[in-house]
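> From the sequence below, what's the structure:
(one chain, ligands or ions: 2)
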Amino acid sequence: TFVVTENCIRCKYTDCVEVCPVDCFYEGPNFLVIHPDECIDCALCEPECPAEAIFSEDELPDNQQEFIEINAELSEVWPNITEKKDPLPEAEEWDGKSGKLEYLER
Ligand code: SF4
Ligand code: F3S
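Ligands and ions are numbered 1, 2, ... in the order given. Here you go, the predicted model:
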């Protein structure tokens, strides 16, 4: 499965949702997640993310492992998103910053 990681937080560019053939992205206030049971591992979304926040679970960096559980948990409660929208206003400023997990809004 593919996993959305920390650098999506406070950016939420949403380019990813347009290419997903099974519409398995779910949207929170400042982050998106992938439903692990719905993702078919097509890999189409990975290169679309301007923040390079999407990884295959197999290639997930060591410091992003907790996002496996975060994607699984929040994809059960957040609404589905299938159409691109404007990024968050502060997206460019926050792209690439570390320590964004503490700003995740649920
Ligand atoms: Fe959707 Fe494919 Fe990305 Fe999985 S890998 S979330 S199926 S676009
Ligand atoms: Fe987030 Fe990248 Fe999609 S920033 S919303 S994973 S395009």
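> Please look at residue 25 and residue 31 and confirm they touch.
No: taking contacts as C-beta atoms under 8 Å, residue 25 lies outside contact range of residue 31: 10.7 Å. For the C-beta atoms, the positions are set from N, CA and C on the backbone; glycine is no exception.
> could you point out the longest helix in this structure?
helix 66-74 (DSSP state H).
> Return every residue with contacts to both of residue 25 and residue 31.
residue 4 (C-beta atoms under 8 Å, 6 or more residues apart in numbering).
> And for the helix or strand that contains residue 55, what's in contact with it?
Residue 55 belongs to strand 54-56 when assigned by DSSP states H and E. For strand 54-56, contacts defined as C-beta under 8 Å, 6+ apart pick out 1-5, 8, 16, 34, 41, 43, 45-46, 48, 61, 64.
> Next, the most far-flung residue of the chain relative to its centre: secondary structure please.
Distance from the C-alpha centroid of the chain, by C-alpha atoms, centre = their mean, peaks at residue 93 (17.6 Å). Under DSSP: H, G, I helix; E, B strand; the rest coil, residue 93 falls in the helix class.
> quick revisit: who has more neighbours, residue 25 and residue 31?
Neighbour totals were compared for residue 25 and residue 31, and residue 31 leads with 28 against 25 (other C-beta atoms under 10 Å).
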